[in-house]
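>>> What shape does this take:
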Amino acid sequence: MDFHALTQTAVDFVRANQGWGFLVVMALAFGESLAFISLLVPATVILLGIGFLVGESGISFWPLWAAAAIGAFFGDWLSFWIGQRLKHDAVRYWPLSRNPGLLERGHRFFERWGTLGVFVGRFSGPLRASMPLVAGICEMSPVAFQLANVTSAMLWAASILAPGAFGLKWLQDWI
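Numbers count the residues shown, from 1 in each chain. Predicted structure coming up:
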């Protein structure tokens, strides 16, 4: 799969169809945060590209930020719910059945850091999708999980879109 072409196609689509930007960004953030799908979709690179598109085209940042935060929140929430339901049987399902170390690393990280681990895990590619699943498996308090989930989703959405959206404008103004 040519990830560069996929990224360019997604960014070009949002450029040509700005009205769909909210749904595209929300779907990408959801997929990036969902336990099983995140291993298949290069959403981080596409979202970074969309951030640069915002910076160059004048597309409003805030609706796309909200879309990314909402998508990330629901992706993690669903992963947490799956972890609560499947418990340790989650490792029997693809792609975890082929990458059991991913769940093991997430479990060690969660045992050491707890709620903070769920928050910080959002910002680490390999942990992003496994931490909510592990938190569900380990029966983390839903309230503590959702607090970490919503706050990290809002910050992650800003960190993925803002560098392109605001950094490009700052660089253009500076030069």
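
>>> for this protein, which spans come out with low pLDDT?
Applying pLDDT under 70 to the chain picks out residues 1, 3, 39, 94-95, 168-175.

>>> elements contacting the helix ranked longest in it?
The longest helix of the chain (DSSP state H) is helix 61-86. Helix 61-86 makes packing contacts with helix 21-33, helix 43-57, helix 130-137, helix 142-162 when contacts are defined by 3 or more CB pairs under 8 Å, 6 or more residues apart in numbering; DSSP states H and E. To be clear about C-beta, it is placed using only N, CA and C from the backbone, and glycine gets the same treatment.

>>> buried set for the helix or strand just after that helix?
Next in sequence after helix 61-86, counting helices and strands by DSSP states H and E, comes helix 100-113. Neighbour counts over helix 100-113 (16 or more other CB atoms under 10 Å) mark 102, 103, 105, 106, 107, 109, 110 as buried.

>>> Are there helices or strands packed against helix 100-113, and which ones?
Where contact means 3+ CB pairs under 8 Å, 6+ apart, helix 100-113 is packed against helix 115-121, helix 125-128, helix 130-137.

>>> How about the longest helix of the chain, which residues are buried there?
61, 64-65, 67-80, 82-84, 86.

>>> what sits against residue 144?
residue 115 (CB atoms under 8 Å, 6 or more residues apart in numbering).

>>> and the gap between it and residue 60?
33 Å (CB to CB, to the nearest Å).

>>> same question, residue 111
From residue 111 over to residue 60 the distance is 41 Å, taken as CB to CB.

>>> likewise residue 91?
From residue 91 across to residue 60, the span is 42 Å (CB to CB).

>>> Kindly report the same for residue 96.
Noted for residue 96: a distance of 38 Å to residue 60, by CB to CB.

>>> Which one of the two is surrounded by more residues?
Taking neighbours as other CB atoms under 10 Å, residue 96 and residue 60 compare with residue 96 leading, 23 against 12.

>>> my guess is the more buried one contacts residue 102, does it?
Yes: using CB atoms under 8 Å, residue 96 is in contact with residue 102, at 6.5 Å.

>>> and the gap between residue 30 and residue 38?
10 Å.
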